[in-house]
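Visitor: Kindly return the folded structure for what I paste below:
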Amino acid sequence: MSETPQPADLIVFGGTGDLSMRKLLPALYHSDRAGLLAPSTRVIAMSRGGLDDADFRGKVDAEVRGSVPVDDPGTWQRFLGRLHHVSVDIGGQDPTGWARLTGLLAGYEHRARVFYLASPPMTFGPFCREAHRAGLVTPASRVVLEKPLGRDLTSALRINDEVGAIFDERQVYRIDHYLGKETVQNLLVLRFANAFLEPIWNSLWIDHVQITVAETVGTPGRRGYYDHAGALRDMVQNHLLQLLCLVAMEPPSRNDRESIRDEKVKVLQSLRAVTGGEVDRFTVRGQYTAGESGGARVPGYLDEPDRTAPTEASRRVETFAAIRAEVKNWRWAGVPFYLRTGKRMPYRCSEIVVQFKDVPHSIFPGSTPNRLVLRLQPSEGIQLNIMAKEPGAGEVTLKPVPLSLSFAETFTGRVPDAYERLLMDVLAGNPTLFMRRDEVEAAWRWIDPIISEWESRGTAPEPYPAGSAGPASAHELVGRSGRTWHGEGLA
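Guide: Sure thing, here's the model as predicted:
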């Protein structure tokens, strides 16, 4: 990233929505507060809200200010001054919104122009076409696509084709906010800037890998979306597979915009297909029922408050998914990668666990294998569990002891939110932490047969009580090989 911030225009379609108000605008304010935005950089929200600039600034002042530190009122006012709003109805007959946006952007064609589509994927193609028709797509333009990119390979190909008809691939930034987390960045540094790990980062020394994204929340008010997404599409196809790629990838030749993405694609292409009868053996899907969560009684998925009544799709959608994956190459042959994600779990946790094999010959009773834990949330950090002797005379007693790196305790200052890092990378034109077209499509090619098998059967997911660690079959998935899930509250 350049030391001197370059001026840019960031146009957020869906600029008054939940993602914008909860994540994007706070991230941009933090960046402004840190001096990372050029003085003339503007943020232009697009929505159907019928707001003018003053209305939008008032909305942000009311809804965002309380969630960010405003220790300098002047900085907050400067940030509000960057904000503009344009009312546009994609696919509508009123061209006045596009005309106003054209007027705002006139004369700024040579600066970075970022279109951030914080909207459903069905709008990506129409937005790009209308922006092009309005003459707003310049050689310096970029477009950011939020997940999910489609709901299967066919729809992903269609979206990629529609966006690709307007924007070159180098201009397209497919975002996965997990890749902006500090622990994920540190995974790359841990692997490729330290000599001690690489010789044992393979099937000779690693027994298995677990990747978990557990949420305590349910889906109140979101069932309409979740009925057609489900845990596999919503979390596994993007977040969990991206983390798997970073664990399993080969060392890239350079830390540049394409080398890392090249290696991630190779991992996805090396995943052993899970098809037919193997879906029963290597996958688990569940749906939460009523239970205890956070000390309170909560409803099941079908009884969550929503504007619409449950449908047949509601009864068949999974809120929990677990998969046993394998990477078929020399480095990882025989090492299972266990992926799981679920809602209404006992606690919120996103982590990668690398479980090493036991010592070849143990001379001490009570020895357990080493374990590397990379925590993405809620408190980011890295922990390596090693065996140590408990102090005292007499018989040697072993105890697992953590060597811990807590970002909050080790580094002064706040840890930036993932969106802060990714937004600054977009403005700087650095696509390293964004997914390339072939990467997204390779992920869907692996996921699609699992989805197809699940949907073709028409059976309901396995129930699990809210506040529990998921369906019993998830424990059997790892238990068949004598393993257990990591985490006291999830085991």
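Visitor: and residue 275, backbone torsions?
Guide: When read as degrees, to the nearest 10, the backbone of residue 275 gives phi -140, psi 160.
Visitor: domains for the chain, by residue range?
Guide: The chain resolves into domains spanning 8-146, 179-417+436-479 when parsed by automatic domain parsing.
Visitor: and the longest one, average pLDDT?
Guide: Confidence over domain 179-417+436-479, taken as the mean pLDDT, stands at 89.
Visitor: would TSV of the domains of the chain with distance to residue 426 and mean neighbour count be doable?
Guide: Quick note: C-beta positions are derived from backbone N, CA and C, even for glycine. Listed next are these as TSV, based on distance: least, C-beta to C-beta, whole Å; neighbours: other C-beta atoms under 10 Å:
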stretch	distance to residue 426	mean neighbour count
domain 8-146	6	18
domain 179-417+436-479	11	17
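Visitor: Now tabulate the ones you listed in CSV and tack on distance to residue 429.
Guide: Output for the domains of the chain, formatted as CSV (distance: least, C-beta to C-beta, whole Å):
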stretch, distance to residue 429
domain 8-146, 7
domain 179-417+436-479, 9
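Visitor: out of those, nearest to residue 430?
Guide: Within those, the stretch nearest residue 430 is domain 179-417+436-479; the backing value is 6.4 Å (C-beta to C-beta).
Visitor: how far does the closest one stretch from start to finish?
Guide: Taking C-alpha to C-alpha, to the nearest Å, domain 179-417+436-479 runs 30 Å from one end to the other.
Visitor: In this protein, spot the helix with the most residues.
Guide: In the chain, taking DSSP state H as the definition, the longest helix is helix 437-457.
Visitor: The helix or strand just after that one packs against which elements?
Guide: Past helix 437-457, heading to the C-terminal end, the next element that is a helix or strand (DSSP states H and E) is strand 462-465. Identification of packing neighbours for strand 462-465 by 3 or more C-beta pairs under 8 Å, 6 or more residues apart in numbering; DSSP states H and E yields strand 283-289, helix 472-479.
Visitor: Mind checking what helix or strand follows the strand or helix carrying residue 58 in sequence?
Guide: Of the helices and strands defined by DSSP H and E, residue 58 is found in helix 53-63. Using DSSP H and E, the next helix or strand after helix 53-63 towards the C-terminus is helix 73-82.
Visitor: And the helices in the stretch 151-300 of the chain?
Guide: Listed in chain order, the helices of the stretch 151-300 of the chain (DSSP state H, counting those that start in this stretch) span 153-164, 182-192, 223-226, 230-231, 241-248, 259-270, 278-282.
Visitor: ignore the last one, the stretch 301-450 of the chain
Guide: Using DSSP H, counting those that start in this stretch, the helices of the stretch 301-450 of the chain run over residues 312-316, 407-410, 418-428, 437-457.
Visitor: of all these, which lies closest to residue 270?
Guide: When the helices of the stretch 301-450 of the chain are ranked by proximity to residue 270, the top entry is helix 437-457, at 9.7 Å, counting by C-beta to C-beta.
Visitor: now for the longest helix of the chain, which elements pack on it?
Guide: Using 3+ C-beta pairs under 8 Å, 6+ apart, the elements in contact with helix 437-457 are helix 153-164, strand 172-174, helix 241-248, helix 259-270, helix 278-282, strand 283-289.
Visitor: Distance to residue 423 added to the ones you listed, as JSON lines?
Guide: Formatted as JSON lines, the entries for these read as follows, by distance: least, C-beta to C-beta, whole Å:
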{"stretch": "helix 153-164", "distance to residue 423": "19"}
{"stretch": "strand 172-174", "distance to residue 423": "10"}
{"stretch": "helix 241-248", "distance to residue 423": "18"}
{"stretch": "helix 259-270", "distance to residue 423": "19"}
{"stretch": "helix 278-282", "distance to residue 423": "37"}
{"stretch": "strand 283-289", "distance to residue 423": "33"}
